[in-house]
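**Student:** next comes the sequence, and after it the predicted model I'd like to discuss.
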Amino acid sequence: MTPLRTGSFIRRVKDITISGTLAVAILASGIALPGCSGSEDEAHSYEETTYSKGIRSYIKEVEPGEFKITDEQSVPADQSAAIVTYLDGHVDTLSTTTAKALIDRDIRSDESSVGRHGGLSNVLLYGGMGYLLGRTMNHGYINSYRSAGESSRFYSNPNAYNRAQGAVQDVNTSRSTRVVSGRPAGGRSGFFGKRSSSSGG
């Protein structure tokens, strides 16, 4: 057994005594340690915005690689889609997720060309689908690209553009917002939901 010097023993006892006294003082003062307070969740609230209406966009390839929007309608939010008819006659139905992926790919590959051609990604971006995606919490960046160009030129004619504005208005009027107490379970509520949060104090 290794001999323990008296001075060393006294120092260790003193350290333990100081540590114990400090812990008691902290508890007595009511200082909340990280992760120990349950009041944060109770004081938290967030704003939830949802849209009950969405957009169904009808798009046609008019020349190889060039597309135009022929019609847009307001539909229940979960029925939103882009129906694309190609020159060879085949038809694709693009979900909102697929439409966003095409837009993002074009932005990443050549941001300077956004809005400068009639490719499918630009037609999606500047049409009702892009508007719809820009309403959601995590896709707000899409609005900054939409504001840089003139949407009407991506439609087949003025009548199609005017009908689209009516569909967009339907989406706007379907908007509802409520303040919810408690911590949000996820980043969004449904597909057309967005949340902003603030902690009460």
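**Tutor:** Now that the structure is in, tell me what you want to look at. None of the values given here were measured: they were computed from a predicted structure. Numbering: from 1, shown residues only.
**Student:** so who does the residue nearest to residue 66 when sequence neighbours are not counted touch?
**Tutor:** Leaving out its chain neighbours, the residue that sits closest to residue 66 by C-beta to C-beta, 6 or more residues apart in numbering is residue 118, at 4.2 Å. For every residue, glycine as well, the C-beta is placed using N, CA and C. Each residue near residue 118 by C-beta atoms under 8 Å, 6 or more residues apart in numbering is listed here: 65-68, 154.
**Student:** among those, which one sits closest to residue 102?
**Tutor:** Residue 102 lies nearest to residue 67 out of the contacts of residue 118, by C-beta to C-beta, at 11.3 Å.
**Student:** so how far is residue 107 from that closest one?
**Tutor:** Separation of residue 67 from residue 107 (C-beta to C-beta, to the nearest Å) stands at 17 Å.
**Student:** thinking again about what came up before, just the contacts of residue 118: which are in strands?
**Tutor:** Among the contacts of residue 118, the members falling in strands are 66-68 (criterion: DSSP state E).
**Student:** hmm, back to that, how about JSON lines for the contacts of residue 118, with pLDDT added?
**Tutor:** Converted to JSON lines, the contacts of residue 118 look like this (pLDDT from 0 to 100):
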{"residue": "65", "pLDDT": "94"}
{"residue": "66", "pLDDT": "96"}
{"residue": "67", "pLDDT": "98"}
{"residue": "68", "pLDDT": "98"}
{"residue": "154", "pLDDT": "95"}
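**Student:** compare those residues and tell me which is most surrounded.
**Tutor:** Tallying neighbours with other C-beta atoms under 10 Å puts residue 67 at the head of the contacts of residue 118, with 25 neighbours.
**Student:** quick check: chain neighbours aside, which residue is closest to it?
**Tutor:** Closest to residue 67 by C-beta to C-beta, 6+ apart is residue 123, at 4.5 Å.
**Student:** ok, that neighbour - contacts?
**Tutor:** Residue 123 neighbours (C-beta under 8 Å, 6+ apart): 59, 67-69, 154.
**Student:** what segments of the protein are strands?
**Tutor:** 44-51, 53-63, 66-76, 81-85, 91-94, 175-181, 193-199.
**Student:** out of those, nearest to residue 133?
**Tutor:** So among the strands of the chain, strand 53-63 is nearest, using C-beta to C-beta, at 9.4 Å.
**Student:** who are the packing partners of that closest one?
**Tutor:** In terms of contacts (3 or more C-beta pairs under 8 Å, 6 or more residues apart in numbering; DSSP states H and E), strand 53-63 is packed against strand 66-76, strand 81-85, helix 120-126, helix 128-135, helix 158-173.
**Student:** which parts of that strand are buried?
**Tutor:** 53-61 (16 or more other C-beta atoms under 10 Å).
**Student:** now, which of those residues sits nearest residue 78?
**Tutor:** Distance to residue 78 across those (C-beta to C-beta) is lowest for residue 54, with 7.3 Å.
**Student:** touching, the closest one and residue 72? I think so.
**Tutor:** No: the criterion here is C-beta atoms under 8 Å, and residue 54 misses it with residue 72 at 10.6 Å.
**Student:** which residues do those two both contact?
**Tutor:** In terms of C-beta under 8 Å, 6+ apart, residue 54 and residue 72 are not both contacted by any residue.
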